[in-house]
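S.K.: Below is the sequence, then the predicted model.
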Amino acid sequence: MLCGASSRGCAVTSNRGRPIALQGNCRNKMPKTALYFVYTRRFFRFWSRKDPTMDKLTECVYAFEKMLNIQYRVIIGRKGKATELCIGFSKLDFHHLVGLGKLKDLRIATRNRRIVFDEILTGKINYKTILKSRYLHLIENRFQPLAHIETLFDDNRLVFRYNPTQNQFSLIQADYLLSTPYSGNDVYIFHAKQEDTKQYFCRSFFPKQQKDYTKGQAVYTMLYKEKVFLTTGTAQIQFDRLTPRN
């Protein structure tokens, strides 16, 4: 099992979704310094989100910041075999997911990803900053779905084992592909395994365009999914086909 949650005594909620505390080490604890950073910005975030003029990039970074406190534990099955995935989130992922590396005519494309994330949060970098790039059109379609990334993960039920050889003209290297309907289209979220933590992280994110990245990929059946909140150690079951029904 990739997450090892069940083998280390990870408690979950009932079928009604009542959260209870997790036991053992099935999740990564958020460092105290990170908690301090989160709580000291809470007041700022509250007022910023009430601002109707908040731009697209700022909306995305706020949405993604919430994901830093979340981990998804997913059990999928195919041909009688079950596989467990633990999907986590890091500040370092945001830069690539929103596509800032494609803005090759701006310094933001190659700057330290963690610093860029924090500067967007504090307002030092915003949509006007990247509006100067002639490559902005390449990532414009990511802003709206990325601002709803938590909803996309909550709603997801479709997981593919991703084989890059099926898409030889793509540079994406990933292990799994999540495909979720959004606003009349599908959004692709690619995941790769992080060897040191054994967790999966978001490798790439974009709405479907002409190419269907799920074609020829092995589809898995969703068996179980829970959403873990790292600061409280609670979990909410979002999907469960493993628990026998009365």
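M.R.: Great, that's in hand.
S.K.: residues touching the closest residue to residue 240 other than its chain neighbours, list them.
M.R.: Among residues not flanking residue 240 along the chain, residue 224 sits closest, at 5.4 Å (Cβ to Cβ, 6 or more residues apart in numbering). C-betas here are computed from N, CA, C, even on glycine. Contact partners of residue 224, counting by Cβ atoms under 8 Å, 6 or more residues apart in numbering, are 73, 74, 75, 237, 239, 240, 241, 242.
S.K.: which phi and psi does residue 224 have?
M.R.: Reported as degrees, to the nearest 10, the phi and psi values for residue 224 are phi -160, psi 140.
S.K.: What's opposite it in the beta bridge?
M.R.: On the basis of DSSP bridges, residue 224 is bridged to residue 75, residue 240.
S.K.: How about residue 235?
M.R.: Going by DSSP bridges, residue 235 forms beta bridges with residue 228.
S.K.: what about it, neighbour count?
M.R.: Counted with other Cβ atoms under 10 Å, residues neighbouring residue 235 total 25.
S.K.: re the thing from before, could you flag which of the contacts of residue 224 are buried?
M.R.: Buried by 16 or more other Cβ atoms under 10 Å: 73, 74, 75, 237, 240, out of those.
S.K.: quick one: which of the residues you listed is nearest residue 87?
M.R.: Checking the buried ones among the contacts of residue 224 against residue 87 by Cβ to Cβ gives residue 74 as the nearest, at 6.7 Å.
S.K.: Enumerate every residue touching the closest one.
M.R.: 84, 85, 86, 87, 159, 222, 224, 225.
S.K.: surely the fourth one meets residue 201?
M.R.: What it means is residue 87. Yes. Using Cβ atoms under 8 Å, residue 87 is in contact with residue 201, at 7.4 Å.
S.K.: Out of the contacts of residue 224, name the two that are farthest from one another.
M.R.: Using Cβ to Cβ for every pair in the contacts of residue 224, the one that comes out farthest apart is 73 and 241, at 14.4 Å.
S.K.: now, which of the contacts of residue 74 lie within strands?
M.R.: 84, 85, 86, 87, 159, 222, 224, 225 (DSSP state E).
S.K.: Save these as TSV, and put in pLDDT too.
M.R.: Below are the ones in strands among the contacts of residue 74 laid out as TSV (pLDDT from 0 to 100):
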residue	pLDDT
84	97
85	97
86	97
87	98
159	97
222	97
224	98
225	98
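S.K.: No further questions, thank you.
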